[in-house]
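Trainee: dropping the sequence and predicted coords here.
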Amino acid sequence: MSINNHRNRVRELAGQTAIVTGSSRGIGAALAVALAGAGANVVVNYRQSAALAEQVVNACRNLDVSSVAVEADVSRESDVQTLMQAADGLGGAQILVNNAGVGLTKLLIDTTSTEFQEVLAHNLTSCFLCSRAVLPTMMQRGYGRIINMSSVWGLSGGSMEVAYSAAKGAVLAMTKALAKEVAKSGVTVNAIAPGAISTEMLSPLDAQDISQLTDEIPVGRLGDTADVVSACLYLASPQSGYTTGQILSPNGGLYT
């Protein structure tokens, strides 16, 4: 979706602040700009790509909202506090999108304990730390939206993606449990489990792999970031208050 398209959206999130973890590129960047287009101030989080994060911040600011880039490894508690302080400077977060994560394509028998723990830390522990950090303010306000980014592999499991599938499946379980825990506080917790989306995450695949993957998708194409953005904007909206503990999976019919 272009920035012009975002400008045409109803600014239903005006006055709110959103944190999007892992938002210097790919799906995270698209989500950050889309939330800005809906009127939210946006905290753009990155771990390594400072220049890319600043590009996302500038795209958000061009949509007439406030935005800052914050370097933080959200698998670390101290870094999460830095991220929250930045959000507090924009009025405190009403929306948290737990998007940060890393992948690992490897046979289980070749996966080291360190690699397995790293995948869990960046995909699962990060969700725990960030959600725990925003909840006190959200619950005090009686309003909040937590959106956890999972994967279709968290639903179905993926061959040579055991560590990643395990982490993303745990994110879905955490989503359902936390949704029940905070529902009466006005905070919703939902997850998005995208299928094969045409981003840098697919870069290890060659043309033959991409063709084979596309053939397996009933709609006959890879997804793009707009398919994920639309799900996120709904879950972030005030109108989604009766939707909690749910998993939206834009996957083209790859998993049903």
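Mentor: Done, it's in. Bear in mind the structure is a predicted one, so any value in this text is a computation, not a measurement.
Trainee: tell me which residues are up against the strand or helix carrying G154.
Mentor: Secondary structure assignment for G154, by DSSP states H and E: helix 152-156. With contact meaning C-beta atoms under 8 Å, 6 or more residues apart in numbering, helix 152-156 is reached by 158, 161, 164-165, 167-172, 193-196, 247, 249, 251, 254-255. In this view, the C-beta of every residue, glycine as well, is placed from N, C-alpha and C.
Trainee: any idea which helix or strand comes after it?
Mentor: Helix 152-156 is succeeded, C-terminally, by helix 162-182 (DSSP H and E).
Trainee: what pairs with the helix or strand following that next one, parallel or antiparallel?
Mentor: Next helix or strand after helix 162-182 toward the C-terminus (DSSP H and E): strand 187-192. If you go by DSSP bridges, strand 187-192 pairs up with strand 144-149 (parallel), strand 247-248 (parallel).
Trainee: and strand 187-192 with helix 162-182, angle?
Mentor: 160 degrees (axes from the mean of the first three to the mean of the last three C-alpha atoms, to 10 degrees).
Trainee: looking only at pLDDT, what's the mean for strand 187-192?
Mentor: The average pLDDT within strand 187-192 is 98.
Trainee: make 540 the first number, not 1, from now on.
Mentor: Sure, I'll start counting at 540 from here, so that last one is strand 726-731.
Trainee: what about the very next helix or strand once past it, distance to the chain center?
Mentor: Per DSSP H and E, the first helix or strand lying C-terminal to strand 726-731 is helix 746-754. Distance, stretch centre to chain centre, for helix 746-754: 25 Å (C-alpha atoms, centre = their mean, to the nearest Å).
Trainee: quick one: A660 from G784, how far?
Mentor: Here A660 is placed at a distance of 24 Å from G784 (C-beta to C-beta, to the nearest Å).
Trainee: same question for N637.
Mentor: From N637 to G784 the distance is 15 Å (C-beta to C-beta).
Trainee: what's the pLDDT at the closest residue to Q778 other than its chain neighbours?
Mentor: Spatial nearest neighbour of Q778, chain neighbours left out: E551 (7.7 Å); criterion: C-beta to C-beta, 6 or more residues apart in numbering. In this model, E551 is scored at 95, pLDDT.
Trainee: what's the answer for the one 3 residues further on, then?
Mentor: In this prediction, G554 carries a pLDDT score of 95.
Trainee: am I right that it is in contact with V604?
Mentor: No - the pair G554 / V604 is not scored as a contact, 9.8 Å apart, by C-beta atoms under 8 Å.
Trainee: need the pLDDT of the residue nearest to N662 when sequence neighbours are not counted.
Mentor: The shortest distance from N662 to any non-neighbouring residue, by C-beta to C-beta, 6+ apart, is to A706 (3.8 Å). Looking at A706, its pLDDT reads 98.
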